[in-house]
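Asks: sequence first, then the predicted structure, then my questions.
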Amino acid sequence: MLFESQWLRCRESALPVPGLPPFLDGLSVLHISDVHAGQPGLNIRTLDKALRWARVRDLDLVFLTGDILGGGRDAGLCLRMLSTLRPRIGMFAVPGNHEYGLSKNPFAHRPFVHPWQAAGIDMLRDECRVVPVERAGGSGRLLICGADYLTGGYGLEDRLQDAGYGSGGDLALLLAHRPPDIGDPAYATFPVAFVGHTHGGQIRLPSPRGPVLVHKEKFPYVEGVHRIGSCVLVLSHGVGTSFMPFRLLTRPEVVLYRLAVVGTV
């Protein structure tokens with residue numbers, strides 16, 4: 001289990017998005033989640049493997065979906081390591097429960113303030129960033145919205161309306177730490193949502209019917225890409241481990257997604 005916590009899976013994958021403006025076809029998004037840099041374990045080593053793989057890739061966007069830091073001395077080191085990424089458009093993050101010190105983990109008892117901006121990371125707390133994009137074949141806007149862990153994305157729909165979202169060249173992307181509950185209006189608002197939190201279960205026990213989660217929350221999915229209504233939900237295994245430095249049947253991962261027009265993959 002200690003070995004598996006270091007057995008990082010790095011992969012590239014097409015991500016078909018319904019209604020994707022054609023000029024955004026091929027846009028690359030590096031998804032990193034749940035590093036848990038500030039607690040004892042080998043998480044920083046795993047992150048180093050992920051970043052060495054990512055630095056030589058063509059990156060348009062980097063999304064960090066929560067529980068990246070926490071307490072401990074490795075939090076600052078983690079930000080310095082992440083600052084070496086150079087995506088064309090930008091690097092965006094949302095806080096998870098560990099950024100607020102909310103956890104059963106004894107090493108995460110209080111919130112910590114870290115220099116995200118100095119590392120080139122735009123931390124979104126119930127905010128949307130409107131980013132003009134020009135690529136071969138057209139131009140338009142990305143509206144990158146981040147849900148705060150404590151509120152779950154309060155007011156994001158209003159912020160999209162204020163930005164005039166809805167033209168043919170617009171694409172709204174949601175970042176959240178915990179997956180929105182089934183029935184959450186976010187699934188009717190955002191074509192794509194990138195989330196983390198579950199660690200893919202982190203420890204799953206073998207059984208005749210397949211791997212069984214040791215711990216499972218109410219949300220029906222713990223990994224992979226799922227279509228929920230009109231939204232594509234992208235759920236990461238995460239890079240690090242929490243509470244115990246172990247994984248079983250749930251390798252850590254970092255994924256470079258390339259957005260694709262439905263029907264072209």
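Replies: Looks like it came in fine. These numbers come from a predicted model, not from an experiment.
Asks: strands along the chain, start to end?
Replies: Taking DSSP state E as the criterion, the chain carries its strands at 9-17, 28-32, 61-65, 90-94, 121-123, 127-135, 138-146, 170-175, 192-195, 204-205, 212-213, 224-228, 231-235, 253-261.
Asks: lowest average pLDDT across these?
Replies: Mean pLDDT values for the strands of the chain show the minimum at strand 212-213, a mean of 86.
Asks: chain center to it: distance?
Replies: Between the centre of strand 212-213 and the centre of its host chain there is 23 Å, according to C-alpha atoms, centre = their mean, to the nearest Å.
Asks: helices or strands next to it in the packing?
Replies: Applying 3 or more C-beta pairs under 8 Å, 6 or more residues apart in numbering; DSSP states H and E, one finds that strand 212-213 makes contact with strand 204-205. C-betas here are computed from N, CA, C, even on glycine.
Asks: can you give me the offset of the strand it packs on from its chain's centre?
Replies: 23 Å.
Asks: for that strand, which outside residues touch it?
Replies: By C-beta atoms under 8 Å, 6 or more residues apart in numbering, the residues outside strand 204-205 that reach it are 211-214, 248-250.
Asks: mind running it again at 6 Å?
Replies: Contact with strand 204-205 is made by 211-213, 248-250, as judged by C-beta atoms under 6 Å, 6 or more residues apart in numbering.
Asks: same question for stretch 222-238.
Replies: Taking C-beta under 6 Å, 6+ apart as the rule, stretch 222-238 contacts 17, 31, 33-34, 187-188, 190, 192-196, 198-201, 221, 252-253.
Asks: and it, end to end?
Replies: Chord length of stretch 222-238, first to last residue, is 11 Å (C-alpha to C-alpha, to the nearest Å).
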